[in-house]
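Undergrad: Fold the following.
(chains A and B)
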There are 2 protein chains.
Amino acid sequence: MTTTFSKDFDVLAAGERFTTLGRTIGEADISGFATLTGDRHPQHTDAEWAAGSRFGERIAHGLLVLSYAAGLVPFDPERIVALRRVGDAVFKQPVKIGDTLHVEGEILGKTELDSSHGLVETRWRVLNQRGKLVMKADVELLWRRDTMPLVEEPRADTEPVLI
Amino acid sequence: MTTTFSKDFDVLAAGERFTTLGRTIGEADISGFATLTGDRHPQHTDAEWAAGSRFGERIAHGLLVLSYAAGLVPFDPERIVALRRVGDAVFKQPVKIGDTLHVEGEILGKTELDSSHGLVETRWRVLNQRGKLVMKADVELLWRRDTMPLVEEPRADTEPVLI
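TA: Sure, this is the predicted structure:
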């Protein structure tokens, strides 16, 4: 596990990559997500209905995959203040019961906001146990900066004293 | 409640709007979402830590808001086959314990894929009980089309018979 998500905003570099632990998606994950969110589409909750569907069985909600990905990325709460934006989350392959997912990610870029915060654009690729891409998303994070130490600099309006 | 999500792809029109029922976000929603997804950032799960944060209290995960919005939109499973893409989901305002959310949505456009399916682009605006926008997202849905009835048309290569 890398420590990308503990780094100071000013140290973080575009191009830096990270990989998370994996997580196996069980039936309880899908039924639990359906119950909690209220998205009870039979593609996720009805094994009989899903047997006759284009996927042939129950599959995970796309938003389960995205939300579990956020659970896998090791955010340091002293650095990552908030998830601000998800751009272009595309669901590429169905996730079936028993599939194991992990996230391979990259820092795409960063933008200073003020002296104490910046925005960091990350790309997340969620892969299954066969290395197939099941989802990708660009996720923008509000990131805490270390406050710059106060440095005593010579004042420009002070003439050097010639002895 | 409108029946937008039961309509045939070919009947659906850009500009059509829909409004969902509301849902109050309780403490159990936030702690349940944290437990299920594994996203246990103290902003969501630790009341003491959150009291000292920029938001002053626990707030809902952005992906909870997006996932619960999907649970509020009344998808007809005979029409909506899958959620294909989430473009530009932006989290505008924190959602606090006790806030009540609903979705105001619009059909932005549609694209034919083949004789039995099309893609429908929708915009979701999630509002709280004070009418404030807390999240917006563009969500692309795979939508089932009614198969066109076979129409017997006069064959162009058949000369009309003059009696």
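
Undergrad: Which positions in chain A make contact with chain B?
TA: A:23, A:29, A:32-33, A:36-43, A:49, A:54, A:61-64, A:66-68, A:70-72, A:75, A:77, A:80-91, A:137 (Cβ under 8 Å from any Cβ of the partner chain). To be clear about C-beta, it is placed using only N, CA and C from the backbone, and glycine gets the same treatment.

Undergrad: Filter these down to the ones in strands?
TA: Using DSSP state E, A:23, A:80-91, A:137 are the members of the residues of chain A next to chain B that sit in strands.

Undergrad: hang on, isn't A:Lys136 packed against A:Arg125?
TA: Yes. Applying Cβ atoms under 8 Å, one finds A:Lys136 in contact with A:Arg125, separated by 5.0 Å.

Undergrad: What number of residues are in the vicinity of the nearest residue to A:Asp76 once chain neighbours are set aside?
TA: Excluding the flanking residues, the one nearest A:Asp76 by Cβ to Cβ, 6 or more residues apart in numbering or on different chains is A:Ser6, at 4.2 Å. For A:Ser6, the neighbour count with other Cβ atoms under 10 Å in any protein chain shown is 13.

Undergrad: residues in contact with A:Ser6?
TA: For A:Ser6, the contacting residues are A:Asp76, A:Glu78, A:Arg79, by Cβ atoms under 8 Å, 6 or more residues apart in numbering or on different chains.

Undergrad: What residues does the closest residue to A:Tyr68 other than its chain neighbours make contact with?
TA: In space, A:Tyr68 comes closest to B:Thr37 once its chain neighbours are excluded; the distance is 5.4 Å by Cβ to Cβ, 6+ apart. Each residue near B:Thr37 by Cβ under 8 Å, 6+ apart is listed here: A:Ser67, A:Tyr68, A:Ala70, A:Gly71, B:His61, B:Leu63.

Undergrad: Swap in 10 Å and give it another go.
TA: By Cβ atoms under 10 Å, 6 or more residues apart in numbering or on different chains, the contact set of B:Thr37 is A:23, A:29, A:32-33, A:36, A:64, A:66-72, B:44, B:61, B:63-64, B:67.

Undergrad: Among those residues, which lie within helices?
TA: Counting by DSSP state H, the contacts of B:Thr37 place A:29, A:32-33, A:36, A:64, A:66-72, B:44, B:63-64, B:67 in helices.

Undergrad: For A:Arg54, grab phi and psi.
TA: Main-chain dihedrals, A:Arg54, degrees, to the nearest 10: phi -60, psi -20.

Undergrad: mind checking the backbone torsions on A:His41?
TA: Main-chain dihedrals, A:His41, degrees, to the nearest 10: phi -60, psi 130.

Undergrad: That one and A:His61 touch, don't they?
TA: Yes. Using Cβ atoms under 10 Å, A:His41 is in contact with A:His61, at 7.8 Å.

Undergrad: average model confidence for stretch A:7-18?
TA: The average pLDDT within stretch A:7-18 is 95.

Undergrad: Check the ones in strands among the residues of chain A next to chain B and tell me the two furthest apart.
TA: A:Val81 and A:Phe91 (27.4 Å; Cβ to Cβ).

Undergrad: and these two? which has more neighbours close in?
TA: A:Phe91 (25 against 19).

Undergrad: ok, back up a step: next one: the residue nearest to A:Asp76 from A:Ala69, what distance?
TA: 19 Å (Cβ to Cβ, to the nearest Å).
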